[in-house]
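[1] sequence? don't have it. structure:
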């Protein structure tokens, strides 16, 4: 079975998150994205402690697609330094894991 990743990223708003997620799904770089609104992020950036509302996005992809996914996310993301952290999926429901693999397979067209 292909090794899967869950990738976390944040966006300033739902519209940007949905726009990027849609492109990544259409290009088969992610199987799906869960957009979770109303996150609050506190972090250092350029010497200042920021306290901002953000949208968290969870995306599922294959480890083998990581490089292409990361490159494309950076192309599409409006942030200069987008959060992008991946964790390996240790286990998953067999039917769901099969679905992920089938969705991420190259388009037979």
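    Received it, and whenever you're ready, just let me know what you need. In this text, all values refer to a predicted model and were calculated from it rather than measured experimentally. Numbering: from 1, shown residues only.
[2] what does the host helix or strand of residue 18 contact?
    Element membership of residue 18 [criterion: DSSP states H and E] is helix 14-26. The contact list for helix 14-26 (Cβ atoms under 8 Å, 6 or more residues apart in numbering) reads 11, 30-33, 35, 37, 55, 57, 59, 69, 72-73, 76-78. Using the backbone N, CA and C atoms, a C-beta is placed for each residue, glycine as well.
[3] count the neighbours of residue 21 for me.
    21 (other Cβ atoms under 10 Å).
[4] pLDDT score assigned to the residue of the chain most remote from its centre?
    Of all residues in the chain, residue 47 has its C-alpha farthest from the mean position, at 26.8 Å, by Cα atoms, centre = their mean. Listed pLDDT for residue 47 reads 96.
[5] just to revisit the earlier point, from the contacts of helix 14-26, which land in helices?
    In this view, the contacts of helix 14-26 that belong to helices under DSSP state H are 69, 72, 73, 76.
[6] list only buried entries from these.
    Buried members of the ones in helices among the contacts of helix 14-26, scored by 16 or more other Cβ atoms under 10 Å, are 69, 72, 73, 76.
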